[in-house]
Structure formats: C-alpha cells, structure tokens
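Visitor: Predicted model and sequence follow; I will ask about them next.
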Amino acid sequence: MKANLAGKYEYDNENNIKVRPFIKWVGGKSQLLGQLNEHYPLELHHGIIDTYIEPFVGGGAVFFELIQNYNIKKAVIIDNNKALINTYITVKNSVDSLISSGLIPRSLCCVLS
C-alpha cells in the first residue's frame, strides 16, 4: 500500500524543531542517517532530484531527513503494512484534529503544507 504525500514541503517551524519519526520501527535508520548521507546521489545534494520514493518506509527516518534537508517537492511512501500506511495518511489528513485532541502536543509540531 502506498501514500502519496505530494506537495511542496514547506515548514512553519518557528521553534526550529527537527521532525523525527513518530513510530519506532524494526530496522529503523535514524542512527545511520549520517552514514547514509554520504551515499546519496550528488543530484540530490545539488537540488536536481526533487521526488522521493520510499518503497519500505517503516518509521520513515530517511523520509523525514530528506524532506527537511533537501529540495523534495513530492514524496511517495510505500510499505506492505496497511496499518502503518493508514497511520501516515491519518496524520497527514488530520494533524489539526490530532493536535486539538491533545494526542500530539502543539509545542512539538511544525506544519508540513
């Protein structure tokens, strides 16, 4: 199952919060991001690549890193776990409701539009 998170990712991030995965996932890449960065294509570093397709998103560490630090205009995340993808879709489509219900503290949020 896939979630198309198309759109320009612009941050309303006045608290300068680094967005990190909100789900811990087996095989997560958070601790490897520095090492992985060395292997990204030069075209990504130079802003030529602006579409990211993640076939096994899991917790999304690489996804969150790339949309914050590179010129990513469109992202497609895919995972075989339907519940996981539905969670990403719910957060994307209902973030205001999740914040107002107290499930996500407003102080920890930045807005992806």
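Guide: That came through fine.

Visitor: what about residue 97, how many neighbours?
Guide: By the criterion of other CB atoms under 10 Å, residue 97 has 11 neighbours. Every residue, glycine included, has its C-beta placed from N, CA and C.

Visitor: any idea which element it lies in?
Guide: helix 82-100 (DSSP states H and E).

Visitor: again with residue 77
Guide: strand 74-78.

Visitor: picking that back up, from the chain's centre, how far out does the helix holding residue 97 sit?
Guide: 12 Å (CA atoms, centre = their mean, to the nearest Å).

Visitor: Tell me where the chain has strands.
Guide: Taking DSSP state E to define them, one finds strands in the chain at 2-4, 11-12, 51-54, 74-78, 111-112.

Visitor: Which elements pack onto the longest one?
Guide: Contact analysis of strand 74-78 by 3 or more CB pairs under 8 Å, 6 or more residues apart in numbering; DSSP states H and E lists strand 2-4, strand 51-54, helix 61-69, helix 82-100 as its packing neighbours.

Visitor: As CSV, could you dump the C-alpha coordinates of it?
Guide: Taking Å, rounded to 0.1, in the frame of the first residue of the first chain, the C-alpha atoms of strand 74-78 are listed here in CSV:
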residue,chain,number,x,y,z
LYS,A,74,7.0,15.3,-4.0
ALA,A,75,7.3,12.1,-1.9
VAL,A,76,5.6,8.7,-2.3
ILE,A,77,6.0,6.4,0.7
ILE,A,78,5.2,2.7,0.4
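
Visitor: now that strand: how far from the chain's centre is it?
Guide: The mean C-alpha position of strand 74-78 is separated from the chain mean by 9 Å, CA atoms, centre = their mean.
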